[in-house]
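[1] have a look at this fold, sequence not included:
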């Protein structure tokens, strides 16, 4: 049975992604910064028939927490097939470029950017033991510099000095990572689940968590001919779902 680790998976899109991967026969590590919260969620899932999901404590901003989680996966699975870097924070609002403090911006980057790098680097050796390793970094349309520069884009006026830039940086890192792993069977992509109604945005998005998770699963469970180093968005209205960088 292939295994997957999803960070920040105790609610919203991450949780739904865990459920959908479980239904497809994967063993899923449901990453939660607070283990008790994660275990409570898994208990509820077990009662609904999900038996191949396990809560695992992982705080992406804490190196010791990441290493502990890695050791658990290594001891139980010996490898990791899928890593979905989903944990993220919005940060304080408003996020004006002129007034948002460096501390507030760094706080967002610590989770959304540096946290992803820390988790990815820690689990890379376990992923290399998989026959078809996948790394999906969950991004946002707000990370697209091309769209943010287009006054005709429907979210053109949704600007911020912390969250969007953290996702732009994540996108750039993913391009480099995909390039470095290009000669191995890795598929490394950034996936924007679209503007989804979640606690993250006060349920203001038009999309559902089911659609968002389905999009993530679709572009994660790809075969050997799948694309790598790409930017997929659930808000792009064409067959490819490819977003401009």
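    Great, that's in hand. These numbers were taken from a predicted model, which means no experiment stands behind them.
[2] give me the low-pLDDT residue ranges for this structure?
    197, 199-206 (pLDDT under 70).
[3] in it, which helix is the longest?
    helix 163-180 (DSSP state H).
[4] contacts for whichever helix or strand comes after it, please.
    Remark: after helix 163-180, the chain's next helix or strand is strand 187-192, criterion DSSP states H and E. Residues outside strand 187-192 that contact it (Cβ atoms under 8 Å, 6 or more residues apart in numbering): 132-141, 143, 170-171, 174, 177-178, 181, 215-216, 219-220, 222, 226-235, 243. The way it works is simple: take the backbone N, C-alpha and C, and place the C-beta from them, glycine included.
[5] equivalent analysis for stretch 106-120, please.
    Applying Cβ under 8 Å, 6+ apart, the contact partners of stretch 106-120 are 7, 58, 60-61, 63, 66, 83, 85, 87-91, 135, 137, 162-163, 165-167, 169-170, 173, 177.
[6] show me which of the residues you listed are buried.
    Neighbour counting by 16 or more other Cβ atoms under 10 Å classes 7, 58, 60, 66, 83, 85, 87-91, 135, 137, 162-163, 165-167, 169-170, 173, 177 among the contacts of stretch 106-120 as buried.
[7] what sits against the residue most central in space within the chain?
    Centroid-nearest residue in the chain, with Cα atoms, centre = their mean: residue 86, separated by 2.5 Å. Counting by Cβ under 8 Å, 6+ apart, residue 86 touches 6, 7, 8, 9, 13, 14, 17, 31, 138.
[8] now, those that are in helices?
    Mapping the contacts of residue 86 onto helices (DSSP H) picks out 13, 14, 17.
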